[in-house]
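Asks: structure, please.
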Amino acid sequence: MPVTVTHPTVTTTMGSPTVVGSPRALTQALGLLRLLQLVSTCVAFSLVASAGAWKGPMGNWSMFTWCFFFAMTPVILLVELGGFQARFPLFWRNFPITFACYAALLCLSASIIYPTTYVQFLSHGHSHGHAIAAATVFFGIACVAYATEVAWTRARPGEITGYMASEPGLLKVLETFVACLIFVFISSPYVYHNWPALQWCVVVYALCFILAAFTILLSLGNCTNMLPIRFPSFLLGLALLSVLLYATALVLWPLYQFNEKYGVQPWQARGVSCSDRNPYLVCIWDRQRAVTILTAVNLLAYVGDLVYSAHLVFVKV
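Replies: Now for the predicted structure:
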């Protein structure tokens, strides 16, 4: 009978049991790593706030990211210090690694987007710029700290753990994260409203995101047994459907955005539209290219998800 990783029984940190329900949890490697996450996110948003160095959608989004993860990391620390895992509303074996994976991805994106779309347009003094540069460095440190937690706590071969700690579970996080980035770039309807084919791509992005998010919520709520079919079979069917849908989007989106035969402007004209723009906004041409790249990235993620899901169904016994 094929098996899947759904019901964890142990948690390890660098090969040794994690101490929970005791102040010793802070002295373990994972506890120290979370303290580093807390400090780095605190310093990052404090420096930006003190300098007043956020403006426009990108600056506001970066500030929200810093503050959100600074607020959530102590929650995880307090739950483990008090041994409240059983009382936590979500399945604890899946929650911390899911949170850490999202945090690593969001911190990485913010540490890239914030300086490239905001810092380069600043016209303030050296002290102002140094504060922002230091904040970017600390946000990069937070990204590395969260990514290290994911690497330490993910499932090892032969280990029984939660689905979100396995490769398919982590890929689900990546798929939903990339889909959210796509939604940001297509937030303006004029990017796709002229063509039914582009509207189909938007439907693909939304449908695949909903299905992947539903899978994550099932795992976090420990509700996989409520499905009418076995969880591995559900994952396989979902991955196959998503690969097929994203394959159509990867063909249609660039075809109708960049091909002059379908009435779009040549790339030279689109390039001009980006020359004189608000430095804190992303022009149409850049949005279209970004969505194309992100569609290809998500298709690769779904292909990897399909391979892992097929392995769970057909190979594992």
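
Asks: CA atoms for contacts and neighbours, from now on please.
Replies: Will do.

Asks: correct me, but A239 touches L299?
Replies: No: with contacts defined as Cα atoms under 8 Å, A239 does not count as touching L299, sitting 10.2 Å away.

Asks: the more surrounded of the two?
Replies: A count of neighbours by other Cα atoms under 10 Å puts A239 above the other of A239 and L299, at 27 against 21.

Asks: who's in contact with that one?
Replies: Neighbouring residues of A239 by Cα atoms under 8 Å, 6 or more residues apart in numbering: 302-303, 305-306, 309.

Asks: which element is it on?
Replies: helix 231-258 (DSSP states H and E).

Asks: again with R156
Replies: Going by DSSP H and E, R156 is not in any helix or strand.

Asks: could you dump the contacts of A239 into a markdown table and include neighbour count, secondary structure and distance to Y163?
Replies: Formatted as a markdown table, those follow (neighbours: other Cα atoms under 10 Å; DSSP: H, G, I helix; E, B strand; the rest coil; distance: Cα to Cα, whole Å):
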| residue | neighbour count | secondary structure | distance to Y163 |
| --- | --- | --- | --- |
| Y302 | 26 | helix | 16 |
| V303 | 18 | helix | 18 |
| D305 | 26 | helix | 13 |
| L306 | 22 | helix | 15 |
| S309 | 25 | helix | 12 |
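
Asks: and of those, the nearest to Y190?
Replies: Y302 (27.7 Å; Cα to Cα).

Asks: so the closest one touches L174, yeah?
Replies: No: in this structure Y302 lies outside contact range of L174 using Cα under 8 Å: 9.5 Å.

Asks: so what's the residue count around W200?
Replies: Neighbour count for W200, taken as other Cα under 10 Å: 17.

Asks: not counting sequence-adjacent ones, nearest residue to it?
Replies: Spatial nearest neighbour of W200, chain neighbours left out: A249 (7.7 Å); criterion: Cα to Cα, 6 or more residues apart in numbering.
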